[in-house]
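Colleague: Sequence first, predicted coordinates after that:
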Number of protein chains: 2
Amino acid sequence: MNLESPNKIKRDLLADQATGELRRMIVQGALPPGGQVTERELSSLLGASRTPIREAVRALALEGLITLSSTGRYFVANPSEHELHDMLRVIGVLEGLAGRLACAVADANSLEAIARLQEDMRRIAEGQSHLDYFETNIAFHRAIVAASGNRVLFETHKALNDRLYRARYVCSTKATNRQRALEEHDAVVTALVARDGDGVERALRGHMGQAEKNISETLFPPSGN
Amino acid sequence: MNLESPNKIKRDLLADQATGELRRMIVQGALPPGGQVTERELSSLLGASRTPIREAVRALALEGLITLSSTGRYFVANPSEHELHDMLRVIGVLEGLAGRLACAVADANSLEAIARLQEDMRRIAEGQSHLDYFETNIAFHRAIVAASGNRVLFETHKALNDRLYRARYVCSTKATNRQRALEEHDAVVTALVARDGDGVERALRGHMGQAEKNISETLFPPSGN
DNA sequence: TGTTGGTCTATGGTATACCAAAATAAGATG
DNA sequence: CATCTTATTTTGGTATACCATAGACCAACA
């Protein structure tokens, strides 16, 4: 027979489904940072036995979204300012590399798609929806990393980005710095379409540095919380 | 009682021990790349039940040292040339960042320790032991990343480095390029002690670029294997 | 001889039982 | 009332039983 299977058979293990669902609940705040998570509770909540749930929890612990206490209990991660800074530094160079690679290898369509996401952001920024703005922002950055064609880079970036998700979301509810962010994105797009690798790397690193400041000011205001 | 526990209580779960042991066996080649690993076999080999072994295998799968086939079987990872390139690119910028941060924040002792590792390497390079040379090389790079004071960076770097371990080890058995590597390391050390962040970043990225070429030539010679 | 179909085995996925340790609640004691 | 001690409950760690499926082997048939 010359029929080629149109789409691969997908094995969706309970553990993997649970990992995805838990990740979603954590980054979206349904499971509050610092809160304890117990295998049995999640088990009944998600309708699977402890075994796959446990695997999901341990997977997220490896990702850094869940931490284990010294006595073996699990808690939703609640990264410190220092940790967030460390992550942003790393993400900064990862995206810088992604931008540089994208200039070298991405096809015109990918770059246009990125530019279009930036246009979307400009339009959405004038509206009220924090979530739309936030998700378009995420999509913009993700598209750049995807355009690098480097899968390792993409996955490393994704893992760190998930750990930052909540912090960045909270930040994005403050509309104060949107104008600056938009300008920084413009600089990135301009350098991208000009295929100016160094320029794009510089722009993205600067953008991340700014994100660091925003997070510090919003989540850890100088006057203390 | 006012006795404070002198060293942290360590819970060494079987799963974690097994993860470490399996990782060691994989990177050192005791489990050959591409070979299948079965839970039951490892279970009897390491003397633990399938549960912790399975957790270890899945953890290493997340790290990328083990891959799962579409049918659910586990195999020791055998990264393609393309994948190795992708990893080296990422490691390159990670170490570049580490070097730059180290210039900014590392204390003099750390930098001296790094310089001393380079001296060790020079001495060992004249000897015959591939393994000593290789491990000192690893230690040199790891020390730089540690000196950055960025834990996220350290862990991200470690995970990727493990995935490259075997490829680099095989490469290092060819002594051809030692001289060049030593010179590149010298450049790194010089920039480090001068606290020249840009210089150290440039030197490390160049060094990684060279590693890319070495791996291609050694593992994937142009004439085909 | 090559191919097809079926059976048997190997293997991973899941649920569950049991245990040890830690956290919490309860009660006794000063 | 505070505090220490003890019982109870909660929770994670591990082992194991059971199941579904993929892979291997073999036999019957074209």
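Modeller: Looks like it arrived, so ask away. Residues are numbered from 1 along each chain as shown, chains lettered A, B, ... in the order given.
Colleague: name the element A:N78 belongs to?
Modeller: Assigned by DSSP states H and E, A:N78 belongs to no helix or strand.
Colleague: Please read the previous query as pertaining to A:N214.
Modeller: In this assignment (DSSP H and E), A:N214 forms part of helix A:197-219.
Colleague: which residue sits closest to the most centrally placed residue in chain A in space, ignoring its chain neighbours?
Modeller: With distances taken as Cα atoms, centre = their mean, the residue of chain A nearest its centroid is A:N161 (2.9 Å). Using Cβ to Cβ, 6 or more residues apart in numbering or on different chains and skipping the chain neighbours, the partner closest in space to A:N161 is A:I91 (6.7 Å). The C-beta positions use only the backbone N, C-alpha and C, and glycine is treated the same way.
Colleague: Quick one: residues contacting that neighbour.
Modeller: For A:I91, the contact set (Cβ atoms under 8 Å, 6 or more residues apart in numbering or on different chains) comprises A:157, A:160-161, A:164, A:208.
Colleague: okay, those in TSV with secondary structure and pLDDT next?
Modeller: Formatted as TSV, the contacts of A:I91 follow (DSSP: H, G, I helix; E, B strand; the rest coil; pLDDT from 0 to 100):
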residue	secondary structure	pLDDT
A:H157	helix	98
A:L160	helix	97
A:N161	helix	96
A:L164	helix	94
A:M208	helix	93
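Colleague: among these, who's most crowded?
Modeller: Using other Cβ atoms under 10 Å in any protein chain shown as the neighbour criterion, A:H157 leads these with 24 neighbours.
Colleague: so how far is DNA strand D from it?
Modeller: Here the distance between A:H157 and DNA strand D works out to 29 Å (Cβ to the nearest atom of the strand, to the nearest Å).
Colleague: so how far does stretch A:38-52 reach from one end to the other?
Modeller: 13 Å (Cα to Cα, to the nearest Å).
Colleague: Let me see the mean pLDDT of that stretch.
Modeller: Mean per-residue pLDDT for stretch A:38-52: 97.
Colleague: anything in that stretch near DNA strand D?
Modeller: Yes: for stretch A:38-52, a contact with DNA strand D is found by Cβ under 7 Å from any atom of the strand, at A:38-41, A:50-51.
Colleague: Of those residues, which are in range of DNA strand C?
Modeller: Restricting these to those near DNA strand C by Cβ under 7 Å from any atom of the strand leaves A:50-51.
Colleague: In CSV, list the residues of stretch A:38-52 next to DNA strand D along with neighbour count and secondary structure.
Modeller: Shown next, in CSV, are the residues of stretch A:38-52 next to DNA strand D (neighbours: other Cβ atoms under 10 Å in any protein chain shown; DSSP: H, G, I helix; E, B strand; the rest coil):
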residue, neighbour count, secondary structure
A:T38, 12, coil
A:E39, 15, helix
A:R40, 10, helix
A:E41, 11, helix
A:R50, 14, helix
A:T51, 15, helix
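Colleague: quick one on the thing from earlier: ok, the residue nearest to the centre of chain A touching A:I138?
Modeller: Yes: contact between A:N161 and A:I138 holds when scored by Cβ atoms under 8 Å: they sit 7.4 Å apart.
Colleague: Please name the residues that touch the residue nearest to the centre of chain A.
Modeller: Shown in contact with A:N161 (Cβ under 8 Å, 6+ apart): A:91, A:138, A:141-142.
Colleague: Chain A against chain B: which residues are in contact?
Modeller: A:8-9, A:11, A:15, A:51, A:54-55, A:58-59, A:62-63, A:70-72, A:83, A:86-87, A:89-90, A:92-94, A:96-97, A:101, A:150-153, A:156, A:160 (Cβ under 8 Å from any Cβ of the partner chain).
Colleague: Show me those that map onto helices.
Modeller: Judged by DSSP state H, helices contain the following of the residues of chain A next to chain B: A:15, A:51, A:54-55, A:58-59, A:62-63, A:83, A:86-87, A:89-90, A:92-94, A:96-97, A:101, A:151-153, A:156, A:160.
Colleague: Of those, which qualify as buried by neighbour count?
Modeller: Among these, those classed as buried by 16 or more other Cβ atoms under 10 Å in any protein chain shown are A:15, A:54-55, A:58-59, A:62-63, A:83, A:86-87, A:89-90, A:92-94, A:96-97, A:101, A:152-153, A:156, A:160.
Colleague: returning to that earlier point: which of the residues of stretch A:38-52 next to DNA strand D lies closest to A:A108?
Modeller: Nearest to A:A108 out of the residues of stretch A:38-52 next to DNA strand D is A:T51 (Cβ to Cβ; 48.1 Å).
Colleague: quick one: that closest one from A:Y74, how far?
Modeller: 15 Å (Cβ to Cβ, to the nearest Å).
Colleague: repeat for A:L153
Modeller: Where A:Y74 is concerned, A:L153 sits at a distance of 29 Å (Cβ to Cβ).
Colleague: next one: A:Y165
Modeller: Separation of A:Y165 from A:Y74 (Cβ to Cβ): 19 Å.
Colleague: what's the answer for A:S110, then?
Modeller: As judged by Cβ to Cβ, A:S110 and A:Y74 stand 39 Å apart.
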